[in-house]
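In: Predicted coordinates and the sequence they were generated for:
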Amino acid sequence: MKELKENKNLDVAKGSEYNMDISRVSPDVCSYVDERYEKLNIEVVLPGVSKKDINLRMVNDAMHIDAVRGDKRIKYVSSLSFCCPVNPEKADAKYENGLLKISVPFSDPMEEAKRVIVS
């Protein structure tokens, strides 16, 4: 542990600063499909976080979020895998009163399909 404390500012995997004084916690996350089965809705509880401190990344089958609370003592960190592919380019995210609401449409499985000529 002494060695970790001496090197507490080095994150070996990322080569960036790593502060062991920040507690990492998983935020409450709720995900559900809309009534028409067209979009995946995700709600993430992030109390005390400023919108500018939210880092949200998404790919077609998962998302990752991290956000530091205003007092810099808590860092919310979570990753979520999706049930079905989504279109992250069309995602919409809004943050208000400690609640991040994300809505992302499901991908059309035939969207990138290639036409096969029948001979």
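Out: That came in fine, so what should we check first? Numbers count the residues shown, from 1 in each chain.
In: Make sure S78 is actually in contact with H64.
Out: Yes: when contacts are counted by CB atoms under 8 Å, S78 is listed as touching H64 (7.4 Å). For every residue, glycine as well, the C-beta is placed using N, CA and C.
In: for the chain, longest strand please?
Out: strand 49-59 (DSSP state E).
In: where are the low-confidence patches of the chain?
Out: For the chain, the stretches flagged by pLDDT under 70 are 1-20.
In: again, only using 50
Out: Scanning the chain with the threshold set as pLDDT under 50 gives 1-16.
In: Could you pull out the strands in it for me?
Out: Applying DSSP E to the chain gives strands spanning 23-25, 29-33, 39-45, 49-59, 62-69, 74-81, 92-96, 99-105.
In: For those, give me CSV that also has mean neighbour count and distance to E111.
Out: Output for the strands of the chain, formatted as CSV (neighbours: other CB atoms under 10 Å; distance: least, CB to CB, whole Å):
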stretch, mean neighbour count, distance to E111
strand 23-25, 11, 37
strand 29-33, 13, 19
strand 39-45, 19, 15
strand 49-59, 14, 16
strand 62-69, 19, 19
strand 74-81, 16, 21
strand 92-96, 13, 19
strand 99-105, 18, 11
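In: now those strands in TSV, with distance to I117?
Out: As requested, these are exported to TSV (distance: least, CB to CB, whole Å):
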stretch	distance to I117
strand 23-25	54
strand 29-33	36
strand 39-45	34
strand 49-59	32
strand 62-69	35
strand 74-81	37
strand 92-96	38
strand 99-105	30
